[in-house]
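> no sequence for this one, just the structure:
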Ligand code: NAP
């Protein structure tokens, strides 16, 4: 992602929270972190393994964050340690960003019905959907009433996108989890929402077969005839995690240049290509 200037202010001043899912500077979670920090948030990060620590540490330091905890969402001990660390350092938190997904490369290509295995299905749903339930439960135990949570999803949950396969199923589950968690935590005024982002060039996106075609098609067929800007996703996260988002919960908010709204593309490159 090119260096961008995120709008500054104090919308997140006095708020502390955890961001899970920064792998490098191209991660969607990193754009969200920069936007929240530019509005005064104090942020803790999780990372997975030593290799990622090397990449995440300098990023975290660049926004004044010194709480980095190793966490693999499939490992209960590291999840316990993550939230115990936050409780120990801060006592309470105000927000959670969950930007984690995984499916084996063999599950993200070709025929869904032929290639989806029991193990591939279980692991995709575990890491990409259950991990949000687990993190939300643990976060809620130390979250101030009036806090907020955001997870990241994709349109492949609602419609068939070639090669997205079991990840589409996992994202459908994640969106349903978002609504159920929102209902459970609503009485404490904790809001829980999902952002459905259009394709963005990250490590996770590189794992999906025909990714290049996905970007080209999204650009040609979206209402804005452009790819999704991570800054827009970060802006939506700021709205949903700050008090601007009051009364908004259980929502899946699309930030995809209007791709989801189109049934048939208007005049433009895609129509011309078919003449
Ligand atoms: P990314 O930079 O690769 O981030 C994905 C993160 O998930 C990485 O930090 C990864 O760590 C982490 N992760 C995977 N398995 C994990 C585990 N077992 N425990 C802890 N962390 C784990 O890619 P991204 O595109 O920003 O993805 C963030 C979220 O946005 C994902 O939920 C993705 O599905 C969603 N999203 C992405 C797009 C897009 O086009 N990029 C569009 C819509 C939604 P490792 O690198 O160590 O595996």
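Ah, there it is. Small disclaimer: the values here were computed from a predicted structure and weren't measured.

> pull out the buried positions in the helix or strand hosting residue 204.
Element membership for residue 204, per DSSP states H and E: helix 203-206. In terms of neighbour count (16 or more other C-beta atoms under 10 Å), helix 203-206 has its buried residues at 204, 205. Any C-beta I mention is one placed from the backbone N, CA and C, and that applies to glycine too.

> contact partners of that helix?
Residues external to helix 203-206 that are found in contact with it (C-beta atoms under 8 Å, 6 or more residues apart in numbering): 23, 24, 26, 27, 101, 102, 199, 211, 214.

> where's the closest residue to the fourth one other than its chain neighbours relative to residue 149, distance?
It stands for residue 27. Spatial nearest neighbour of residue 27, chain neighbours left out: residue 202 (5.8 Å); criterion: C-beta to C-beta, 6 or more residues apart in numbering. Between residue 202 and residue 149 the distance is 21 Å, computed by C-beta to C-beta, to the nearest Å.

> and the two? Which one has more around it.
Each of residue 202 and residue 149 has its neighbours counted (other C-beta atoms under 10 Å); residue 149 has more, 28 against 22.

> can you pull the residues of this protein lying near the ligand?
Proximity of the chain to the ligand (C-beta under 6 Å from any ligand atom) is limited to residues 21-23, 27-29, 48-49, 52, 71-74, 99-102, 127, 152-154, 197, 199-200, 202-205.

> narrow these to those in helices?
Using DSSP state H, the members of these that fall in helices are 28, 29, 52, 203, 204, 205.

> give me the pLDDT value at the fifth one.
On the pLDDT scale, residue 204 is placed at 89.

> ok, residue 216 next?
91.

> tell me the backbone dihedrals of it, please.
phi -60, psi -40 (degrees, to the nearest 10).

> still on that earlier bit, distance between the helix holding residue 204 and the chain's centre?
Centre-to-centre, helix 203-206 and its host chain are 13 Å apart (C-alpha atoms, centre = their mean, to the nearest Å).

> what of stretch 172-192?
15 Å.

> could you list the buried residues of that stretch?
Result for stretch 172-192 [16+ other C-beta under 10 Å]: buried residues 172, 173, 174, 175, 177, 178, 181, 182, 185, 190, 191, 192.

> report the two of those separated the most.
Spanning the widest gap among those are 172 and 190, at 23.0 Å by C-beta to C-beta.

> show me what the longest helix along the chain is packed against.
With secondary structure taken from DSSP H, the chain has its longest helix at helix 165-185. Here helix 165-185 touches helix 112-115, helix 118-125, helix 131-141, strand 143-153, strand 191-197, going by 3 or more C-beta pairs under 8 Å, 6 or more residues apart in numbering; DSSP states H and E.

> hmm, who's touching the shortest one?
It stands for helix 112-115. With C-beta under 8 Å, 6+ apart, helix 112-115 has contacts from 106, 107, 109, 165, 166.

> is residue 212 within a helix or a strand, and which one?
helix 211-221.

> per-residue pLDDT of residue 192, please?
So residue 192 comes in at 99 (pLDDT).

> partners of it in the sheet?
Beta bridges link residue 192 to residue 149, judged by DSSP bridges.

> so how far is residue 231 from it?
The value you get for residue 192 to residue 231, if C-beta to C-beta is used, is 23 Å.

> pretty sure residue 270 contacts residue 219?
No. Using C-beta atoms under 8 Å, residue 270 is not in contact with residue 219; the gap is 9.3 Å.

> could you pull up the residues touching the closest residue to residue 41 other than its chain neighbours?
Closest residue to residue 41 apart from its sequence neighbours, by C-beta to C-beta, 6+ apart: residue 12 at 3.6 Å. Shown in contact with residue 12 (C-beta under 8 Å, 6+ apart): 36, 37, 39, 40, 41, 238, 241, 242.

> which one of the residues you listed sits closest to residue 65?
residue 37 (7.7 Å).

> count of neighbours near the closest one?
Based on other C-beta under 10 Å, the number of other residues close to residue 37 is 20.

> tell me the secondary structure for it?
Judged by DSSP: H, G, I helix; E, B strand; the rest coil, the three-state class of residue 37 is helix.

> I'd assumed residue 60 was in contact with it.
No. At 9.8 Å, residue 37 does not count as touching residue 60 under the criterion of C-beta under 8 Å.
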